[in-house]
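Asks: Sequence and predicted structure are below.
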Amino acid sequence: MQNRLIELFVSFLKIGAFTFGGGYAMMPIMHKEVVEKKQWASDDDILKILVISESTPGVLAVNSATFIGYKIAGFWGSVVATLGVVLPSFIVISILSLFILEFKELLIVSYLFQGIRAGVSVLILNAVFKLGKKMKRHWFTYAILVGSLLLALLTNFSVIYVLLFSALLGIIYGIVVTRKQEVTQHD
């Protein structure tokens with residue numbers, strides 16, 4: 001068990017250390033480490049963990065690490081995975097905070113962050129396409145996708161409200177479909 005915890009910590013330390021841009025940018029790296037390399041979870045598990053992590057309060061990366069750690073090694077797995085994913089950012093931010101005022105005005109730092117933003121956009125887009133392949137294709141999922149995208153892009157609605165509204169529609173749709181199936185089976 002102790003070896004599993006160390007392996008979990010090191011894996012999430014690497015994920016946290018080499019990911020810029022937050023949870024969505026982290027998902028392809030987390031997928032490669034957790035599903036492809038270590039085989040601790042399946043694609044379906046990662047998709048479910050992403051949905052739960054997005055739906056619960058807190059940072060997506062931390063929530064995902066916590067859920068995956070718990071799935072792999074219980075309570076202590078969630079603790080070490082969370083510490084592993086958070087520690088690199090904590091160290092970097094602590095060091096940067098000492099020098100940020102001096103480096104803030106440098107043009108090269110501005111260019112560096114522009115490059116990082118562009119790279120993060122590509123990572124997020126990659127995560128969208130990978131996770132989109134696993135999504136069940138149905139007229140309702142496409143309607144939610146298009147409706148959410150239009151609401152987010154064309155209105156001032158908070159993305160949180162769009163997410164909550166979409167989740168509510170998904171729950172209602174699931175209940176309706178389940179009831180229809182039950183009625184059909186009883187007839």
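Replies: In hand now; what should we look at? Quick caveat: nothing in here was measured; it's all calculated off a predicted structure.
Asks: Show me this structure divided up by domain.
Replies: The chain breaks down into these structural domains: 2-134, 136-187 (assignment by automatic domain parsing).
Asks: Just name the most buried of the ones you listed.
Replies: Per-stretch averages of neighbours, counted by mean count of other CB atoms under 10 Å, single out domain 2-134 among these, with a mean of 16. Placement of C-beta: from N, CA and C, glycine included.
Asks: End to end on it, go ahead and measure it.
Replies: From its first residue to its last, domain 2-134 covers 33 Å (CA to CA, to the nearest Å).
Asks: Which of the domains of the chain comes out lowest on mean pLDDT?
Replies: Averaged per stretch, pLDDT over those is lowest on domain 2-134, reaching a mean of 83.
Asks: same for the helix or strand containing residue 99, what does it pack against?
Replies: According to DSSP states H and E, residue 99 maps onto helix 60-103. With contacts taken as 3 or more CB pairs under 8 Å, 6 or more residues apart in numbering; DSSP states H and E, helix 60-103 sits against helix 2-17, helix 23-31, helix 43-55.
Asks: Report the angle between the shortest one and helix 60-103.
Replies: In this case it means helix 23-31. Per axes from the mean of the first three to the mean of the last three CA atoms, to 10 degrees, the angle that helix 23-31 makes with helix 60-103 is 120 degrees.
Asks: repeat for the longest one
Replies: Note on geometry: by the same axes, to 10 degrees, helix 2-17 and helix 60-103 are set 50 degrees apart in direction.
Asks: Only alpha carbons, please: show stretch 48-58 as PDB.
Replies: The C-alpha coordinates for stretch 48-58 follow below in PDB (Å, rounded to 0.1, in the frame of the first residue of the first chain):
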ATOM      1  CA  LYS A  48     -17.200  10.400 -15.000                       C
ATOM      2  CA  ILE A  49     -14.500  11.900 -12.700                       C
ATOM      3  CA  LEU A  50     -14.300  15.000 -14.900                       C
ATOM      4  CA  VAL A  51     -18.100  15.400 -14.700                       C
ATOM      5  CA  ILE A  52     -18.100  15.000 -11.000                       C
ATOM      6  CA  SER A  53     -15.100  17.300 -10.500                       C
ATOM      7  CA  GLU A  54     -16.600  20.000 -12.700                       C
ATOM      8  CA  SER A  55     -19.900  19.800 -10.700                       C
ATOM      9  CA  THR A  56     -18.400  20.000  -7.300                       C
ATOM     10  CA  PRO A  57     -17.100  23.200  -5.700                       C
ATOM     11  CA  GLY A  58     -13.300  23.700  -6.000                       C
END
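Asks: Residue 103 contacts residue 109, correct?
Replies: Yes - at 5.1 Å, residue 103 counts as touching residue 109 under the criterion of CB atoms under 8 Å.
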